[in-house]
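Engineer: Below is the sequence, then the predicted model.
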Amino acid sequence: MSDLLWLTDEQMARLQPFFPMSDGRPLVDDHRVLSGIIFINRNGLSWRDAPREYGPAKTLYNRWKRWSDKGVFVAMMDGLSAKGTERKTIMIDATYLKAHRTASNLGAKKGGPGRLIGRTKGGMNTKLHAVTDAMGRPISFFMTAGQVSDYTGAAALLDGLPKADWLLGDRGYDADWFRDALEEKGITPCIPGRKSRTKPVKYDKRRYKSRNRIEIMFGRLKDGRRVATRYDRCPTVFLSAVAVAATVLCWL
């Protein structure tokens, strides 16, 4: 069984403060169940395909769904990222995550936020917007439908940006309102100007080279097959899959 455990005892101790209180019934082994959840998300499997060493598939799924609905997995990433991050420079970017037909074949509930899946040239996609620290470790995420512009994600993440000296972004974030908003927060934008600009925009080209770290982070997240391909209909559950991958890869 030890070969199937994805987390060490030390890592489990760091996650323990984020576990919700029991409702009176004793929980099964947290270490085993969390390892099973990570295994499923990493390999893109159905819950029924989990190795029997992780316990009943129903137990794994119920824990996954219940904690996702409570925001536990996102809280883990938020809590760990709040400590020890290098935020003098932060970065912003977005990537497409392909939606499997099982995630997009049913309509959303009336009055809900929708499934956050849209049609693009590449098919049905969800767009994941992210802010990272200087090392490319994610601080916050925001999801939209695939056809939504980077501006929308930038506007949603703007209020939650941490204090920083610099923000690195690609040409997709070159907008006067975004630059002005950053400067009001005391953050200097390091964003190349769009080619359509009549007046070139000056930016620190040497500093900008480190922006590849956020792209590397996206690539590592997509090593998790349930992140690279969205199987979950519920956006909250899918965001939990992203948060679990980010926590294990970057914060533990």
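Structural biologist: Looks like it came in fine.
Engineer: By mean pLDDT, flag the weakest helix or strand of this structure.
Structural biologist: helix 101-104 (a mean of 82; mean pLDDT, DSSP states H and E).
Engineer: hey, where'd the strands end up in this structure?
Structural biologist: Along the chain, the stretches classed as strands by DSSP state E are 89-99, 118-120, 123-132, 138-145, 166-168, 188-190, 229-230.
Engineer: what's the closest of these to Val72?
Structural biologist: strand 138-145 (15.2 Å; CB to CB). Yep, even glycine has a C-beta here, placed from its N, CA and C like the rest.
Engineer: returning to that earlier point: which one of the strands of the chain lies closest to Cys250?
Structural biologist: Across the strands of the chain, Cys250 has its closest neighbour in strand 138-145 (6.3 Å, CB to CB).
Engineer: Parallel or antiparallel, list what pairs with that closest one.
Structural biologist: strand 123-132 (antiparallel) (DSSP bridges).
Engineer: pLDDT of the strand it pairs with, averaged?
Structural biologist: Averaging pLDDT along strand 123-132 gives 94.
Engineer: angle of that strand against strand 89-99?
Structural biologist: Interaxial angle, strand 123-132 versus strand 89-99 (axes from the mean of the first three to the mean of the last three CA atoms, to 10 degrees): 160 degrees.
Engineer: For strand 123-132, buried residues please.
Structural biologist: Met124, Asn125, Thr126, Lys127, Leu128, His129, Ala130, Val131, Thr132 (16 or more other CB atoms under 10 Å).
Engineer: which residues touch the least confident helix or strand of the chain?
Structural biologist: With contact meaning CB atoms under 8 Å, 6 or more residues apart in numbering, helix 101-104 is reached by Arg115, Ile117, Met124, Arg230, Tyr231, Asp232, Arg233, Phe238.
Engineer: Can you name the residues that contact the third one?
Structural biologist: Met124 makes contacts with Lys98, Ala99, Arg101, Ser104, Ile117, Gly118, Gly146, as judged by CB under 8 Å, 6+ apart.
Engineer: Kindly state the pLDDT recorded for the nearest residue to Gly123 once chain neighbours are set aside?
Structural biologist: Nearest non-adjacent residue to Gly123, counting by CB to CB, 6 or more residues apart in numbering: Lys98, 6.4 Å away. pLDDT recorded at Lys98 is 94.
Engineer: Over to Pro113?
Structural biologist: pLDDT, Pro113: 55.
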